[in-house]
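A.B. asks: Sequence first, predicted coordinates after that:
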Amino acid sequence: MGSCVAFNCTNRCSKKISRLTYHSFPKDETRRQLWIKAVRRENWEPSKFSKLCSKHFPEEMIDRTSLSCVRLRGNAVTSLFDFPSHLQKVVKLRKLPTRAVFEPAHSKIEVQQATTGVESAATELEVLGCSSESPTKAAYKLKVAELGDIIEKKKIKNLKFYNKRSVVMKKKVKNLSELLAHLKKKDFLDDDALHVLSTATSVNKEFISRQLATVTKLPLPQNYSAELRSFALTLNFYSPRAHEYVRSTFGLALPHHKTLSRWYQHIYAAPGFTKEAIDALALKIRNSPNPLFFSLIMDEMSIRQQAEFDGKEVHDLINLGFDETDDDSLPLAKEAFVLLLVCINRHWKLSIGYFLSNGLSSTQKQTLIKHCLSLLHQNNVNVVSLTIDGLSNNFSMAKQLGCNFDDVNSLKTCFPHSSDSNQEIAVFPYPPHMRKLVRNTFGEKRCLFSSEIIDWKYVEALHKWQESEGVHLGNKLRGGHIKFSKQKMKVKLAALLCLMF
């Protein structure tokens, strides 16, 4: 025997109550859903034994004409329940709008207006019947008048700022060579960067015209020429400090670093950040029901130094993603710097860009990582970690980003996000590569120091004894672990040897 499934109803089928009947949920899906919704039980589905008593149905929906049984009518829907007050729907009646009651004709409203300027007077507004201004309009006029002095103060403040800036703008440079010499004197650029930037001689005209337009407060053109774009990107790549210094001191209106990040993007998988990959990633994030977290992996791969001509341009030269001029004098690239994004809480990864170079310095890698993080942040990509291999160059880059690996007692393995100072990104040295470095150091130096001395000769002696006795213990030590010089890239050999320490 069952009971009524309605809230706060204690009627059971075993009780014999006059004129009280029990009814199963209808098989028709539409009516069944109406009954379930009326019962208001969260995440609940009725079984074939679930019943509602006739107490929860209006009397006109119950058919008592039959002598044998009491049935519900075809359109019967349950609606009578004893819900608590916080579950009952409260119907709020909308108040009718009321007209504002004004004073009789020829009445006066006096509004005092306090001004911070030289003049201070009282303004009297008269409301004469229906032809005068409303109180709301009068109040808005008063507010505009009060804001007048604030606007004047801001104008004075802006004039002082522009006067101060015009003094700074007197530090003009005549041409590109003079600018590069000035940056060299400030120790912003090294000799290699100066050599690359000095080839952009065609930017002199636009360089000077933008400087003059800034000083004379003339409107600047919104579009940048291909030569100036290449110059700005190259300058920022070799020294972000130099780019910010030129942008703020000489009034050259160089583009913002966010604009530079957009310029790094390329279509058709050319060197730089791949726009198609970024767009696909943003679409994936928008369609995901849960937030996605990513790890950024960077690595350098050797490539063959060989130039190829496809009929339009030469490939496999040094290309950092922003070379918009066709310069065949650039040297051949020998490495590809690759950036890979791995989704932590999903099973997929995506390459978002690569750069062809002859070997990147730690400062150049830092610049590319910051541009990458800024571009991903603009597309709502939540990067929480950066994975690097064990090159000293990469540890220098991590140190420039804000990490500290020098002192074991004060390790700092995180750095602030370039676009969100409240977010930190963890740096992980790639474990397989670190194991290979430890194994190579152990095999080369033949002695390591921990709490006790770890000597390579004992590993060799153990292997020699196992081979002479014809036994292989659980350590799985083989000849490849001892003579690994031709198999340095095998992670399994390094991992097993490190476990024996």
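C.D. replies: In hand now; what should we look at? Numbering: from 1, shown residues only.
A.B. asks: For residue 350, see how far away residue 62 is.
C.D. replies: Using CB to CB, to the nearest Å, residue 62 is found at 64 Å from residue 350. The way it works is simple: take the backbone N, C-alpha and C, and place the C-beta from them, glycine included.
A.B. asks: do residue 369 as well
C.D. replies: From residue 369 to residue 350 the distance is 17 Å (CB to CB).
A.B. asks: Which one's more surrounded, the two?
C.D. replies: Taking other CB atoms under 10 Å, residue 369 and residue 350 do not tie; residue 369 has more neighbours (22 against 16).
A.B. asks: Does the closest residue in space to residue 360 that isn't next to it in sequence belong to a helix, a strand or coil?
C.D. replies: Leaving aside its chain neighbours, residue 360 sits nearest to residue 337 (5.8 Å; criterion: CB to CB, 6 or more residues apart in numbering). Following DSSP: H, G, I helix; E, B strand; the rest coil, the label given to residue 337 is strand.
A.B. asks: residues near residue 337, how many?
C.D. replies: Residue 337, neighbours per other CB under 10 Å, totals 21.
A.B. asks: State the distance from it to residue 243.
C.D. replies: Note on residue 337: its distance to residue 243, by CB to CB, is 20 Å.
A.B. asks: so residue 393 is in which element?
C.D. replies: Using DSSP states H and E, residue 393 falls within helix 392-401.
A.B. asks: and that helix, what other elements does it pack with?
C.D. replies: For helix 392-401, the elements it packs on are helix 362-378, strand 383-388, judged by 3 or more CB pairs under 8 Å, 6 or more residues apart in numbering; DSSP states H and E.
A.B. asks: How about that helix, which residues are buried there?
C.D. replies: For helix 392-401, burial by neighbour count (16 or more other CB atoms under 10 Å) applies to 394, 395, 396, 397, 398, 399, 400, 401.
A.B. asks: following that helix, which helix or strand comes up?
C.D. replies: Past helix 392-401, the next helix or strand by DSSP H and E is strand 414-416.
A.B. asks: Tell me which strands that following strand pairs with, and in which orientation.
C.D. replies: Applying DSSP bridges to the sheet, strand 414-416 is found paired with strand 424-429 (antiparallel).
A.B. asks: From the contact counts, what lies against the helix or strand just after the partner strand?
C.D. replies: The helix or strand immediately downstream of strand 424-429 is helix 431-445, counting by DSSP H and E. Packed against helix 431-445 by the contact rule (3+ CB pairs under 8 Å, 6+ apart) you find helix 491-499.
A.B. asks: In the helix it packs on, which residues are buried?
C.D. replies: 493, 494, 496, 497.
A.B. asks: For that helix, name the packing helices and strands.
C.D. replies: helix 431-445, helix 479-482.
A.B. asks: Lowest mean pLDDT across these, which one is that?
C.D. replies: With a mean of 74, helix 479-482 has the lowest mean pLDDT of those.
A.B. asks: In contact with residue 45: list those residues for me.
C.D. replies: residue 36 (CB atoms under 8 Å, 6 or more residues apart in numbering).
A.B. asks: Let's verify it: helix, strand, or coil?
C.D. replies: coil.
A.B. asks: any idea how far it is from residue 36?
C.D. replies: Applying CB to CB to residue 45 and residue 36 gives a distance of 7 Å.
A.B. asks: next one: residue 25
C.D. replies: From residue 25 to residue 36 the distance is 8 Å (CB to CB).
A.B. asks: what's the overlap in contacts for these two?
C.D. replies: residue 46.
A.B. asks: Which one's more surrounded, these two?
C.D. replies: Using other CB under 10 Å as the criterion, residue 25 and residue 36 rank with residue 25 on top: 21 against 16.
A.B. asks: Would you point out which residue is most central in the chain?
C.D. replies: Compute the mean C-alpha point of the chain, and by CA atoms, centre = their mean the closest residue is residue 377, 2.8 Å away.
A.B. asks: so residue 438 touches residue 491, yeah?
C.D. replies: No: counting by CB atoms under 8 Å, residue 438 does not reach residue 491; the two are 11.9 Å apart.
A.B. asks: residues near residue 315, how many?
C.D. replies: When neighbours are counted by other CB under 10 Å, residue 315 comes out with 15.
A.B. asks: which residues does the nearest residue to the residue nearest to the centre of the chain once chain neighbours are set aside contact?
C.D. replies: Nearest non-adjacent residue to residue 377, counting by CB to CB, 6+ apart: residue 419, 4.0 Å away. If you count contacts by CB under 8 Å, 6+ apart, residue 419 has them with 373, 374, 377, 378.
A.B. asks: ok, so of these, who is nearest residue 470?
C.D. replies: Nearest to residue 470 out of those is residue 373 (CB to CB; 56.9 Å).
A.B. asks: Number of residues surrounding that closest one?
C.D. replies: 22.
A.B. asks: Distance check, it against residue 396.
C.D. replies: For residue 373, the distance to residue 396 - CB to CB - is 18 Å.
A.B. asks: can you check residue 32 too?
C.D. replies: When residue 32 is compared with residue 396 (using CB to CB), they lie 69 Å apart.
A.B. asks: just residue 416 next, same as before
C.D. replies: 18 Å.
A.B. asks: just to revisit the earlier point, who wins for proximity to residue 234 among the helices and strands packed on helix 491-499?
C.D. replies: Comparing the helices and strands packed on helix 491-499 by CB to CB, helix 431-445 comes nearest, at 31.1 Å.
A.B. asks: Any buried residues in the closest one, and which?
C.D. replies: Going by 16+ other CB under 10 Å, helix 431-445 has these buried residues: 433, 435, 436, 438, 439, 442, 443.
A.B. asks: Between strand 424-429 and that helix, find me the angle.
C.D. replies: Taking axes from the mean of the first three to the mean of the last three CA atoms, to 10 degrees, one finds helix 431-445 and strand 424-429 inclined to each other by 40 degrees.
A.B. asks: got the angle between helix 431-445 and helix 491-499?
C.D. replies: 70 degrees.
A.B. asks: Quick check: next helix or strand after helix 431-445?
C.D. replies: Downstream of helix 431-445 (by DSSP H and E), the next one is strand 447-449.
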